[in-house]
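Participant: After the sequence you'll find the predicted model.
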Amino acid sequence: MTFVQNDPRPLFVRALDQTERLITTTSPEDLALPTPCDEYDVSTLQGHLLTVIARINLALQGGDPLTIPVVTTGVDDVPAAWKERRVALDATLSDDTVLGRICKLPWATLPGAAAIAGYTGELTTHSWDLAKATGRVSELDDALATQVLPLVRQFTPADQRGGHVPFGPVVQVADDASPYDQLAAWQGRQP
């Protein structure tokens, strides 16, 4: 299986930027809203996104991301915590050797480039979850979803669902569905 042939960092940074925009502009009144992730409301999803950014940074530094809980709790200022974790991750990403570093991830052990690509899909999907829950799907970068969809299909095959792959079966959508509807459907969500 070929994972990544080009430097995945620019696309990953776009996914990080989009996620950050959504987190920093989420209203406190929206925190209790349900999301397309059945187990998360908006507040819990934001806590998970704090975990995601911390896990990828730790994995890219050679650490074990599973030492960080699935959802970060007890954070009073999520946007500030995100930005702090983002500064640390940006520093890690600036080292070109990170692309070849072997990383232990929750779902596999992969070179850094493949880990970054995998997390790009996770961030882009969770951005859609957050945007969908808060009524801001129109703010999403469709070109990002278009570029991420082939990666997600590669990292999350249709026949490998459940267990350590926390996605439901692929939902059928029209061939001309929007890029985010296709992405959400591939991840087992109802667009």
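Facilitator: Received the coordinates, thanks.
Participant: Tell me the helix or strand right after whichever helix in the chain runs longest.
Facilitator: Determined from DSSP state H, the single longest helix within the chain is helix 112-133. Sequence order places helix 142-155 as the next helix or strand after helix 112-133, per DSSP states H and E.
Participant: sorry, back to before: so how far is the longest helix of the chain off the chain centroid?
Facilitator: Averaging C-alpha positions (Cα atoms, centre = their mean, to the nearest Å) puts helix 112-133 2 Å from its chain's average.
Participant: what is the rounded mean pLDDT of it?
Facilitator: Across helix 112-133, the average pLDDT comes to 94.
Participant: swap in stretch 87-95?
Facilitator: Per-residue scores along stretch 87-95 average to 97.
Participant: For this structure, which segments count as helices?
Facilitator: 9-24, 42-60, 78-93, 112-133, 142-155, 179-186.
Participant: And the last one, how far out from the chain middle?
Facilitator: Right, the one you point to is helix 179-186. For helix 179-186, the distance to the chain centre is 14 Å (Cα atoms, centre = their mean).
Participant: tell me what that helix is packed against?
Facilitator: helix 112-133, helix 142-155 (3 or more Cβ pairs under 8 Å, 6 or more residues apart in numbering; DSSP states H and E). For every residue, glycine as well, the C-beta is placed using N, CA and C.
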